[in-house]
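K.L.:
Sequence first, predicted coordinates after that:
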Amino acid sequence: MVAQFDDSNTVQKQIIELQSKLAFQEDTVQSLNDIVSEQQQDILSLKGQMRTLLEELKNVLGDLDGDGASRLLENERPPHY
């Protein structure tokens, strides 16, 4: 009888330990999920900023390809000045 009580007590302790570990893992997974979600939002924001910068760069380069380039060169001083 005493051996059965010890066995059931040991099993009970093991179950409690497993439940504690599971709760900790669930908390860890939730924390990681929150971090990944935040990073995804940051990535989307950075992609939008990159698109905007590329459009602006294309506009500036387009202006330089036309008359803008010659106007800029006319106003630029030669290096020996």
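P.N.:
On my side now, so go ahead. Numbers count the residues shown, from 1 in each chain.
K.L.:
and the longest helix for the chain?
P.N.:
The residue-count maximum for a helix in the chain (DSSP state H) belongs to helix 2-65.
K.L.:
Pull the distance from that helix to the chain's centre.
P.N.:
With Cα atoms, centre = their mean, to the nearest Å as the basis, helix 2-65 stands 10 Å off its chain's centre.
K.L.:
Rounded mean pLDDT for it, please.
P.N.:
Model confidence over helix 2-65, given as mean pLDDT, is 93.
K.L.:
what's the neighbour count on residue 63?
P.N.:
For residue 63, the neighbour count with other Cβ atoms under 10 Å is 13. Bear in mind the C-beta positions are built from the backbone N, C-alpha and C, glycine included.
K.L.:
Oops, could you answer that again for residue 9 instead?
P.N.:
Here the neighbour count serves as a burial measure; for residue 9 (other Cβ under 10 Å) it reads 10.
K.L.:
Look up how far residue 23 lies from it.
P.N.:
Spatial separation of residue 9 from residue 23 under the definition Cβ to Cβ, to the nearest Å is 21 Å.
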